[in-house]
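Asker: Below is the sequence, then the predicted model.
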Amino acid sequence: MKIKKMDTMWQYVMFTYLLFWFMVLGLGGIAIFVFDVTPFGMSCVTTLCSWAPTIVLLIMLKKLKPGTSIKNFYKEAFKEKLNFSVFFIASLVIVGVFLISTGVLSVFEKTAQLQFAATGLLGNILFTAIQGASGEESGWRGFLMTEMEGKYGFVKGNLILGLIWAFWHLPLWFVSTNYSGLHLLIYILSFIIGLTAFSIIIGVCMKKCNNLFLSFWMHFLFNFVLTFFIGKDVYLLASLAVLYTVAAVIFTFVYLHKKGVRLSLKAHTRG
């Protein structure tokens, strides 16, 4: 019996997982157990690891996109004009969801959940920019989102992409947190649900502005607002998961409704 060959899209996913997990467990293990690095040093290692999706993409680009050079890939990814109304709405949702979550937590915990400090702000901006968004989005939204949507459709494709994105972080659930038992379970489930919902929101926004910078910005802002949080991550993630799921359902409904209206109008015009 012949074994069906894995298509290049799933090969990309597999190699991105393998590289990231190897880097986190290998480099992270060496950094912790051999060199006893500081938390800042470990953050630098994590930042390097976060570039795995882009590293694999660039190495496999000729196989993934035959005839496309790195220059042409990025030229195509950034060619569409930026839609600032989409940027504004996306930013409003991200900041709004975060502030609502922290506001609710501050009421229940009866303590401040946010801390704003001018000192270190620039460092947070630069570190957040290079840690997640810059290293990941070329792979997730620059390549994989289009492939997933083409193969599975918009909703299913972005659901699968969100799950791939979430489970890719699996080693960090155990390496970068101190949770165990029920708290760890809540953390993992909230992470998966929240990131999958956020992936769908990015997908909808990029239908309105198919410029890779938009996904960079949304991913960056998602991470950046978290730098001001000083409460318990597990409670924040649970709240974010609920609110982002609600937002994702609304975004998807509006997108599909408008798409259906446009298709109906086209059919009516042709008729």
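Answerer: Right, received. Where do you want to start? Numbers count the residues shown, from 1 in each chain.
Asker: Number of residues surrounding the closest residue to residue 164 other than its chain neighbours?
Answerer: Excluding the flanking residues, the one nearest residue 164 by Cβ to Cβ, 6 or more residues apart in numbering is residue 13, at 5.8 Å. C-beta here means a position set from N, CA and C on the backbone, and glycine is covered the same way. Residues near residue 13, counting by other Cβ atoms under 10 Å, number 21.
Asker: got it, and residue 173?
Answerer: Neighbour number of residue 173 under other Cβ under 10 Å is 16.
Asker: And for residue 243?
Answerer: By other Cβ under 10 Å, the burial measure for residue 243, its neighbour count, is 19.
Asker: do residue 152 as well
Answerer: Neighbours of residue 152 (other Cβ under 10 Å): 14.
Asker: Go ahead and confirm it touches residue 160.
Answerer: Yes: here residue 152 lies in contact with residue 160, judged by Cβ atoms under 8 Å, at a distance of 6.1 Å.
Asker: Can you read off the pLDDT for the residue nearest to residue 114 when sequence neighbours are not counted?
Answerer: Leaving out its chain neighbours, the residue that sits closest to residue 114 by Cβ to Cβ, 6+ apart is residue 228, at 5.1 Å. pLDDT, residue 228: 90.
Asker: if I pick residue 228, what's in contact with it?
Answerer: Contact analysis of residue 228 by Cβ atoms under 8 Å, 6 or more residues apart in numbering lists 114-116.
Asker: Could you export these as CSV, including neighbour count?
Answerer: CSV is the format used below for the contacts of residue 228 (neighbours: other Cβ atoms under 10 Å):
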residue, neighbour count
114, 15
115, 10
116, 7
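Asker: I'd like those residues written out as JSON lines, with pLDDT, distance to residue 53 and secondary structure added.
Answerer: Putting the contacts of residue 228 into JSON lines (pLDDT from 0 to 100; distance: Cβ to Cβ, whole Å; DSSP: H, G, I helix; E, B strand; the rest coil) gives the following:
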{"residue": "114", "pLDDT": "84", "distance to residue 53": "30", "secondary structure": "strand"}
{"residue": "115", "pLDDT": "85", "distance to residue 53": "31", "secondary structure": "coil"}
{"residue": "116", "pLDDT": "82", "distance to residue 53": "31", "secondary structure": "coil"}
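Asker: Low-confidence ranges, the protein, go.
Answerer: 1-5, 31-37, 39-40, 42, 260-271 (pLDDT under 70).
Asker: Can you tell me which residue sits nearest the middle of it?
Answerer: residue 219 (5.6 Å; Cα atoms, centre = their mean).
Asker: Now that one: closest residue in space, sequence neighbours ignored.
Answerer: residue 133 (3.8 Å).
Asker: pretty sure that neighbour contacts residue 223?
Answerer: Yes: at 7.0 Å, residue 133 and residue 223 qualify as touching, with contact defined as Cβ under 8 Å.
Asker: More neighbours: these two, which one.
Answerer: residue 133 (23 against 17).
Asker: How far does the helix or strand residue 252 falls within sit from its chain's centre?
Answerer: For residue 252, the host element (DSSP states H and E) is helix 233-270. Distance, stretch centre to chain centre, for helix 233-270: 17 Å (Cα atoms, centre = their mean, to the nearest Å).
Asker: Ok, stretch 115-133 next?
Answerer: That offset, for stretch 115-133, works out to 18 Å (Cα atoms, centre = their mean).
Asker: With adjacent residues omitted, what lies nearest to residue 210?
Answerer: In space, residue 210 is closest to residue 80, 4.8 Å off (Cβ to Cβ, 6+ apart).
Asker: In this structure the one you found contacts residue 209, no?
Answerer: Yes: with contact defined as Cβ under 8 Å, residue 80 and residue 209 form a contacting pair (6.6 Å).
Asker: Count the neighbours of residue 88 for me.
Answerer: The number of residues near residue 88, taken as other Cβ under 10 Å, comes to 10.
Asker: Fine, thanks again, bye for now.
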